[in-house]
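In: 3D model of this:
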Amino acid sequence: MAAEKPAPAKVLYCGVCGLPAEYCEFGPDFERCKPWLRAHAPGVYPDELVASSSGGDDKDVGKVGERLQGVSISTADGSTSAGGASASSKTEEVKRLPGGKLKKKDKQEVIIEKIVRNKRKCVTVVKGLDLFGVKLSDASKKLGKKFATGASVVKGPTEKEQIDVQGDISYDVVDFITATWPDVPESAVYFIEDGRKVAAA
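Out: Numbering: from 1, shown residues only. Below you'll find the model as predicted:
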């Protein structure tokens with residue numbers, strides 16, 4: 001015996017715009033559809049939304065807005081927050097990623113890495129100066145001038161900006177950074193050597 005075919009769904013189409021009744025608000029003229037919706041589809045929209053537009057359309061919209069303000073939204077940790085101003089007034093210190101994971105704040109540290117290209121050209125990469133309030137464009141100019149080489153601000157593989165300096169200046173750059181920007185302590189400067197992070201101090 002063959003399985004029974006499901007009954008087709010019955011869709012109520014608007015007599016004015018021709019769209020399904022629940023999509024009239026997205027149609028070309030919702031105001032013209034309201035009388036038809038009140039008469040033929042009373043349960044599709046809230047009464048305040050399809051009320052007559054003669055005198056007090058703003059009040060109806062206000063009522064719907066008040067009802068929406070009272071709706072609470074539950075977050076991933078189970079707490080609820082009321083919609084509207086109260087949710088936006090609380091600024092979270094830690095950003096939430098999709099799936100409820102917490103985004104960690106970046107540690108304040110400067111990482112210096114030497115990259116060898118084509119077996120002979122060296123590029124020294126300086127990451128993390130911006131975490132100490134240093135403007136990277138100014139820092140790249142100072143580094144280029146001090147070491148008489150090319151220096152530029154580029155986006156790294158993690159989409160964060162870093163300074164690429166031509167040549168191997170990895171050990172000389174630490175003294176220059178700590179002398180030029182006193183906010184950067186030497187204890188916060190690290191080297192990447194053989195894939196490991198080593199303190200410069």
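In: Who are the contact partners of the closest residue to residue 17 other than its chain neighbours?
Out: Distance criterion C-beta to C-beta, 6 or more residues apart in numbering; nearest residue to residue 17, sequence neighbours excluded, is residue 27 at 4.2 Å. Backbone N, C-alpha and C define where each C-beta goes, glycine included. Residue 27 makes contacts with 14, 17, 19, 33, as judged by C-beta atoms under 8 Å, 6 or more residues apart in numbering.
In: Count the residues that sit near residue 14.
Out: 21 (other C-beta atoms under 10 Å).
In: Quick check: next helix or strand after the lowest-mean-pLDDT helix or strand in the chain?
Out: Counting by mean pLDDT, DSSP states H and E, the chain has its least confident helix or strand at helix 85-89, which shows a mean of 43. Of the helices and strands lying after helix 85-89 in sequence (DSSP states H and E), the nearest is strand 110-117.
In: Now do that following strand: which elements does it pack against?
Out: Packing partners of strand 110-117 (3 or more C-beta pairs under 8 Å, 6 or more residues apart in numbering; DSSP states H and E): strand 121-127, helix 172-180, strand 189-193.
In: Could you say which one of these comes nearest to residue 107?
Out: Across the helices and strands packed on strand 110-117, residue 107 has its closest neighbour in strand 189-193 (9.9 Å, C-beta to C-beta).
In: buried set for the closest one?
Out: By neighbour count with 16 or more other C-beta atoms under 10 Å, strand 189-193 contains the buried residues 189, 190, 191, 192.
In: tally of neighbours for the residue lying closest to the first one once chain neighbours are set aside?
Out: To tie it back to what came earlier, the one meant is residue 189. In space, residue 189 comes closest to residue 200 once its chain neighbours are excluded; the distance is 4.1 Å by C-beta to C-beta, 6+ apart. The local packing of residue 200 (other C-beta under 10 Å) involves 19 other residues.
In: Contact partners for residue 200?
Out: Residue 200 makes contacts with 112, 174, 186, 189, 190, 191, as judged by C-beta under 8 Å, 6+ apart.
In: With pLDDT and distance to residue 51 as extra columns, can I get those in TSV?
Out: Output for the contacts of residue 200, formatted as TSV (pLDDT from 0 to 100; distance: C-beta to C-beta, whole Å):
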residue	pLDDT	distance to residue 51
112	86	67
174	84	71
186	82	70
189	85	67
190	84	66
191	82	70
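In: what's the closest of those to residue 41?
Out: Closest approach to residue 41 among those (C-beta to C-beta): residue 190, at 66.2 Å.
In: mind checking pLDDT for residue 159?
Out: If you check residue 159, the pLDDT there is 76.
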